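Undergrad: Here is the input, now give the coordinates:
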Amino acid sequence: MRWDCLSNVGVLTPYRARVILKLRRGVEQWKLVGLITQRSLVRIQPPLPLSLSSGRRRWGCLSMDDNFVSTPKFIAFVIGFSILVTLLIVNDYGFIPIIDDANVALHEAGHFIFEPFGETMGLWGGTLGQLLPPIICAVFFWTQKSLVSVAVALLWFFENFFDIAAYIETASSEGPVVMGVMGVGIHDWWRILIRLGALQYDTTIATIVRIVGWLGLSSTLLFVTYFWWRCHKLYAKR
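TA: Numbers count the residues shown, from 1 in each chain. Below is the predicted model of the structure:
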């Protein structure tokens, strides 16, 4: 806007001259306030260390929000991890009440969900019904950049491996018929291993699945420990 446009409308009276002068002074004052505010914010927010800035660019997850792996969150996670491992060792076949009761319900729901996609998908649907929910949760929490929540979902995912392993190793001993929560039914892994020609290796496969479960749990603990250490170290430099 050009200020001289006011002077072009009629005669420039003393009153109009005062109005133009006040408008010009008001605009200059607002410009000055904006400049001071901007410089103050720059002084209040010091630049991040180069290592932290590069960490944000690489991982996109290091901040002071929920994704920050604070010491209280880390301690709570370690306690929960220790309880989970203890229950897996103490309980027969690694079955943990409540958690695995929910996993069994998801297992049965998986059969119904995947059955419309064919007999094979319906057969594998029970195992997929156990594994997909924690994967979905982990992906969701990763998009929210909540690392501790991602780790909890991973613990849930790998805990399922022990229940699955216990199911696999009974394939040849229990035979094709098994008593489930829905009554008498066909043993999923008996049918799967028969199709694969690997029924005689049921206990070996179960052992491998259990080992993968332990490796997954250990890796999850290392994952959280690494990010706790990294966040603690980098934010200590601020």
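
Undergrad: quick check: domain ranges of this protein?
TA: 4-44, 50-235 (automatic domain parsing).

Undergrad: Would you single out the least confident of the ones you listed?
TA: Mean pLDDT is lowest for domain 4-44 among the domains of the chain, at a mean of 55.

Undergrad: what's the spacing between residue 211 and residue 71?
TA: Distance, residue 211 to residue 71, by C-beta to C-beta, to the nearest Å: 32 Å. (Each C-beta comes from the backbone N, C-alpha and C, glycine too.)

Undergrad: tell me which residues of the helix or strand in which residue 114 is found are tucked away?
TA: Following DSSP states H and E, one finds residue 114 within helix 99-114. By neighbour count on 16 or more other C-beta atoms under 10 Å, the buried set for helix 99-114 is 99, 100, 103, 104, 106, 107, 108, 110, 111, 113, 114.

Undergrad: show me the contacts for the third one.
TA: Remark: with contacts taken as C-beta atoms under 8 Å, 6 or more residues apart in numbering, residue 103 is in contact with 130, 159, 160, 163.

Undergrad: Would you check that the second one makes contact with residue 87?
TA: No. Proximity of residue 159 to residue 87 does not meet the contact threshold set by C-beta atoms under 8 Å, at 9.2 Å.

Undergrad: Now do the shared contacts for these two.
TA: Common contact partners of residue 159 and residue 87 (C-beta under 8 Å, 6+ apart): residue 96.

Undergrad: Among those two, which residue is more densely surrounded?
TA: A count of neighbours by other C-beta atoms under 10 Å puts residue 159 above the other of residue 159 and residue 87, at 23 against 16.

Undergrad: and the more buried one, that's in a helix?
TA: Yes. The assignment for residue 159 is a helix, going by DSSP: H, G, I helix; E, B strand; the rest coil.

Undergrad: how near is it to residue 230?
TA: 26 Å.

Undergrad: Same check on residue 161?
TA: Here residue 161 is placed at a distance of 28 Å from residue 230 (C-beta to C-beta).

Undergrad: So between those two, which is more surrounded?
TA: Legend: neighbour count by other C-beta under 10 Å for residue 161 and residue 230, higher for residue 161 (23 against 16).

Undergrad: In contact with that one, which residues?
TA: Counting by C-beta under 8 Å, 6+ apart, residue 161 touches 209, 210, 212, 213, 216.

Undergrad: tell me which element the first one falls in.
TA: Translated: residue 209. Since the elements are taken from DSSP H and E, residue 209 ends up inside helix 202-235.

Undergrad: can you map out the helices along the chain?
TA: Secondary structure of the chain (DSSP state H): helices at 4-7, 14-44, 50-59, 71-90, 99-114, 119-143, 147-168, 171-174, 188-196, 202-235.

Undergrad: Present the buried residues of helix 99-114 as TSV; the columns should include distance to residue 155.
TA: Below are the buried residues of helix 99-114 laid out as TSV (distance: C-beta to C-beta, whole Å):
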residue	distance to residue 155
99	10
100	13
103	13
104	18
106	16
107	18
108	22
110	20
111	25
113	24
114	25
